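Asker: Following is a predicted model, sequence given first.
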Amino acid sequence: MREFSQDFQSELSALMKWRRDVRHFKTDTVPQDLIQECLDVFQDAPSVGLSEPWRIVQLKTDASRQKALENFQSANADALADYDGEKANLYASLKLSGMKDAPVQLAIFCEEDTPKGGGLGAQTMPEMRRYSVVAAIMTFWLKARAHGLGLGWVSILDPDQLRADLDVPNNWTLVAYLCMGYPQQETLTPELETVGWEARDPELTKVIER
């Protein structure tokens, strides 16, 4: 059994704490070989039945990014309409995507009916394929952070429209739209907590025994 030093354990804990959802990016170019090095961790990520259902699209053209941005802007306007009063004003003030600035943008999909893995573990819980993609994304996130990069997960999107705009197969389900680049600033505190949208609740991490 491989053992890891206490120094490594401490650094790993620090890495997890410094992993933040980034919305404010520098426009500095991220070398493609560094992007690929971070993406290579998908090869080591866990997946149900070893199905490796993730499918990765890097948006490089102005046209594809503009369509994604317009998708976000439309979905964000619809979301704002669901709030009123002070909550609406606070929502309107939030920067909820770094899509205008992030030099790297990735759409991560799940191939829902991939034959790889033979259906093991997904016959009773097909959503496990999507969970596998999420687990891989977190591995990627930590790898990127270790290289000084930040990620922002944009969830205010119409996934069907994005799939159509990127011309990917209909059996691919959007799991994450990720903005990636060097952050303008670093902090241990989630931005949504800083601006007063929500706060962490330690009670929610307590283990329930049965």
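Answerer: Sure thing, it's come through.

Asker: and the nearest residue to A135 once chain neighbours are set aside, how many residues sit next to it?
Answerer: Distance criterion CB to CB, 6 or more residues apart in numbering; nearest residue to A135, sequence neighbours excluded, is P46 at 5.6 Å. Quick note: C-beta positions are derived from backbone N, CA and C, even for glycine. A count of nearby residues for P46, using other CB atoms under 10 Å, gives 11.

Asker: Am I right that P46 is in contact with V133?
Answerer: No: P46 is beyond contact range of V133, at 10.7 Å (criterion: CB atoms under 8 Å).

Asker: Can you tell me which residue is spatially central in the protein?
Answerer: Among the residues of the chain, the one closest to the centroid is W153, at 3.8 Å (CA atoms, centre = their mean).

Asker: And the host helix or strand of that one, what's buried?
Answerer: Using DSSP states H and E, W153 falls within strand 150-154. Going by neighbour count (16 or more other CB atoms under 10 Å), the buried part of strand 150-154 is 150-152, 154.

Asker: next one: stretch 124-143
Answerer: 128-133, 135-137, 139-143.

Asker: Following element in sequence after the strand holding W153, please.
Answerer: helix 159-165.

Asker: Let me see the residues that make contact with that following helix.
Answerer: Residues from elsewhere that reach helix 159-165 (CB atoms under 8 Å, 6 or more residues apart in numbering): 64, 67-68, 71, 107, 109, 170, 172-174, 177.

Asker: Out of these, list just those in strands.
Answerer: The strands, defined by DSSP state E, take in 107, 109, 172-174, 177 from the contacts of helix 159-165.

Asker: hmm, back to that, kindly reformat the buried residues of stretch 124-143 as CSV containing secondary structure, distance to Y91 and pLDDT.
Answerer: Formatted as CSV, these follow (DSSP: H, G, I helix; E, B strand; the rest coil; distance: CB to CB, whole Å; pLDDT from 0 to 100):
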residue, secondary structure, distance to Y91, pLDDT
M128, helix, 33, 97
R129, helix, 32, 98
R130, helix, 27, 98
Y131, helix, 29, 98
S132, helix, 32, 98
V133, helix, 28, 98
A135, helix, 30, 97
A136, helix, 30, 98
I137, helix, 25, 98
T139, helix, 31, 97
F140, helix, 29, 98
W141, helix, 25, 98
L142, helix, 29, 97
K143, helix, 32, 98
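
Asker: nearest to D82, of those?
Answerer: D82 lies nearest to R130 out of the buried residues of stretch 124-143, by CB to CB, at 24.7 Å.

Asker: list the contacts for that closest one?
Answerer: Here R130 is in contact with 53, 110, 173, 175 (CB under 8 Å, 6+ apart).
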